[in-house]
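J.: got a predicted model here, sequence first, then my questions.
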Amino acid sequence: MPTKILTGVLIDEQSLISLGELCRACSRHAEWVIELVEEGVLEPSGPSPDQWRFPASALKRALTAARLQRDLGINLAGVALALDLLDEIETLRARLRGAGR
Amino acid sequence: MEFKDYYKIMGVERNATQDEIKRAYRKLARKYHPDVSKEPDAEARFKEVGEAYEVLKDPEKRAAYDQLGANWKAGADFNPPPDWDAGFEFGGGGFTAGEAGDYSDFFESLFGRGFGGVHTGGGRRRGFHARGEDHHARVLIDLEDAFNGATRSITLRHPELDSSGHVVTRERTLNVKIPKGVKEGQRIRLAGQGAPGIGDGPAGDLYLEIGFNPHPLYRVEGRDLYLDLPVAPWEAALGATVKTPTPGGPVDLKIPAGTRSGQKLRLKGRGIPGKPPGDIYVIPQIVLPPANTDNARALYEKMKRELAFNPRAKLGV
């Protein structure tokens, strides 16, 4: 049994992720992430890709985008639409929960 | 081992064309994709459909599967006949989805583990020195862990090639500090715990996505908790101060007079710690005392006589 205790970095609302970190986390090229930004799927702050900083939520979004693209064979425009619709469903579900209880 | 009827899983006839199979797959994949579907068994269904498609989309594998015969029923006890695949050539290519360990025993008994299109180390061609890939895993913790912080030992399984080129599932156990205030869906990054680097490259990172085990009392949403609190009719009608559990210990909660079932009473800042901390929403559920003694029945009779109460007044009856 290992006895060493690992302490990780919590990626919370305040965390900002660089383009390189995002690429590695998704195992994708920078070009792919740049396309996601061009589709409006991800909205980094910063003027140019080398200075881009992504909010923590971008990590989840990019991972979902990678899976949708791989598993369902949809292009990035379709991925962007699916993510927007999923967000909307989530918002509506939350509202439903708020109203129903 | 159970026989799997891949045609039934895909909802197509045995004589379906490749186009029909592709269409059926796309439809089912969209329906059960774990990122899209909220059905509890979505992930299992998605894998099952993916496995069926791996076989049926590939004419070689489909032909081999077909010659097992049409008389097998799904779930029947199955062992592959000896030399069942004699005379079939498998190109071995053409796998896209799936990682080793994703396929059922049935699939592996027919097509072997080596077919699984295993991703090991670097998925893409790289130089001789490359950083290892980042890995992802989902871990389930208890609500109390997020409240107080904790150290949890987490067992992860991942496929690896052994020295003879076979896929083996390796297990490793990590002791990980769970930070106080972590929320569902947040990730913890453990530097250097991903795939080993290639050459002199550093190892990748491991991302742990946090999920919560279902809690017997609380439903968790973000940092907020929802608690159904049983209250007696007189507590709800007259108002009362009642003991309410919270993960931080019981508190006294004031129930206002005239409280209805399903209303939300907020305990500010008593949810999962953080900046800002979450709240606890207490949802009163009015519970009727049973009329199982003469005395209780007499009290209900008295209410019936003396309270002019028609709960259906709004329904016009």
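T.: Sure, I can see it. Numbers count the residues shown, from 1 in each chain, chains lettered A, B, ... in the order given.

J.: nearest spatial neighbour of residue 52, skipping sequence neighbours?
T.: Using chain A. What sits nearest to residue A:52 in space, not counting adjacent residues and going by CB to CB, 6 or more residues apart in numbering or on different chains, is residue A:44, at 3.8 Å. The C-beta positions use only the backbone N, C-alpha and C, and glycine is treated the same way.

J.: oops, wrong one, chain B.
T.: Distances taken as CB to CB, 6+ apart place residue B:6 nearest to residue B:52, at 3.9 Å, with adjacent residues excluded.

J.: just the helices in chain A please.
T.: Assigned by DSSP state H, chain A shows helices spanning A:19-26, A:30-38, A:56-72, A:76-100.

J.: how about the longest one: buried residues?
T.: Just to be clear, that refers to helix A:76-100. Using 16 or more other CB atoms under 10 Å in any protein chain shown as the test for burial, helix A:76-100 gives A:76, A:79, A:80, A:82, A:83.

J.: near chain B too, which of those residues?
T.: residue A:82 (CB under 8 Å from any CB of the partner chain).

J.: quick one: which of the helices of chain A has the weakest pLDDT on average?
T.: Mean pLDDT per stretch puts helix A:76-100 lowest among the helices of chain A, at a mean of 85.

J.: give me the element residue B:176 is part of.
T.: Counting by DSSP states H and E, the element that carries residue B:176 is strand B:167-178.

J.: list the contacts of residue B:59.
T.: residue B:18 (CB atoms under 8 Å, 6 or more residues apart in numbering or on different chains).

J.: pLDDT score assigned to it?
T.: pLDDT, residue B:59: 85.

J.: what separation do you get for it and residue A:51?
T.: Distance of residue B:59 to residue A:51, computed by CB to CB, to the nearest Å: 50 Å.

J.: cool, and residue A:80?
T.: Residue A:80 sits 23 Å away from residue A:51, going by CB to CB.

J.: also residue B:182?
T.: Distance from residue B:182 to residue A:51, by CB to CB: 29 Å.

J.: between the two, who's got more neighbours?
T.: Legend: neighbour count by other CB atoms under 10 Å in any protein chain shown for residue B:182 and residue A:51, higher for residue B:182 (25 against 11).

J.: so what's that one up against?
T.: Each residue near residue B:182 by CB under 8 Å, 6+ apart is listed here: A:10, B:141, B:145, B:146, B:188, B:210, B:272.

J.: could I get these in TSV, plus columns for pLDDT and distance to residue B:104?
T.: Formatted as TSV, those follow (pLDDT from 0 to 100; distance: CB to CB, whole Å):
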residue	pLDDT	distance to residue B:104
A:10	85	36
B:141	91	29
B:145	92	33
B:146	92	35
B:188	93	31
B:210	91	29
B:272	93	38
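
J.: out of the helices of chain A, which comes closest to residue B:159?
T.: Residue B:159 sits nearest to helix A:56-72 of all the helices of chain A, at 17.6 Å, using CB to CB.

J.: coming back round to it: in this structure the residue nearest to residue A:52 contacts residue A:54, no?
T.: Yes - with contact defined as CB atoms under 8 Å, residue A:44 counts as touching residue A:54 (4.7 Å).

J.: need the overlap of contacts for those two.
T.: Both residue A:44 and residue A:54 are contacted by residue A:19, under the criterion CB under 8 Å, 6+ apart.

J.: quick one: which helix or strand includes the residue in the stretch 151-300 of chain B positioned nearest to chain A?
T.: For the stretch 151-300 of chain B and chain A, the shortest gap (CB to the nearest CB) falls at residue B:188, measuring 3.9 Å. Here residue B:188 sits within strand B:187-190, counting by DSSP H and E.

J.: distance from that strand to the middle of the chain?
T.: Per CA atoms, centre = their mean, to the nearest Å, the displacement of strand B:187-190 from the mean C-alpha position of its chain is 19 Å.

J.: packing partners for it?
T.: With contacts defined as 3 or more CB pairs under 8 Å, 6 or more residues apart in numbering or on different chains; DSSP states H and E, the packing partners of strand B:187-190 are strand A:9-11, helix A:56-72, strand B:167-178, strand B:206-212.

J.: interface residues of the stretch 151-300 of chain B facing chain A?
T.: With the criterion set to CB under 8 Å from any CB, the stretch 151-300 of chain B comes near chain A through B:151, B:153, B:173-177, B:179, B:182-183, B:185-191, B:193, B:204-205, B:207-208, B:221, B:226, B:262, B:264, B:281, B:283.

J.: ok, now with 6 Å
T.: B:151, B:173, B:174, B:175, B:176, B:177, B:179, B:187, B:188, B:189, B:190, B:283 (CB under 6 Å from any CB of the partner chain).

J.: could you check how far the residue of the stretch 151-300 of chain B closest to chain A is from residue B:267?
T.: Distance, residue B:188 to residue B:267, using CB to CB: 28 Å.

J.: can you count the residues close to residue 38?
T.: Going with chain A. Neighbour count for residue A:38, taken as other CB under 10 Å: 11.

J.: to clarify, I was referring to chain B.
T.: When neighbours are counted by other CB under 10 Å, residue B:38 registers 9.

J.: what sits closest to residue A:28 if chain neighbours are left out?
T.: Nearest residue to residue A:28 in three dimensions, chain neighbours excluded: residue A:66, at 6.1 Å (CB to CB, 6+ apart).

J.: picking up where we left off before, what sits against the residue nearest to residue B:52?
T.: B:52, B:55, B:56 (CB atoms under 6 Å, 6 or more residues apart in numbering or on different chains).

J.: right, I'll call it a day here.
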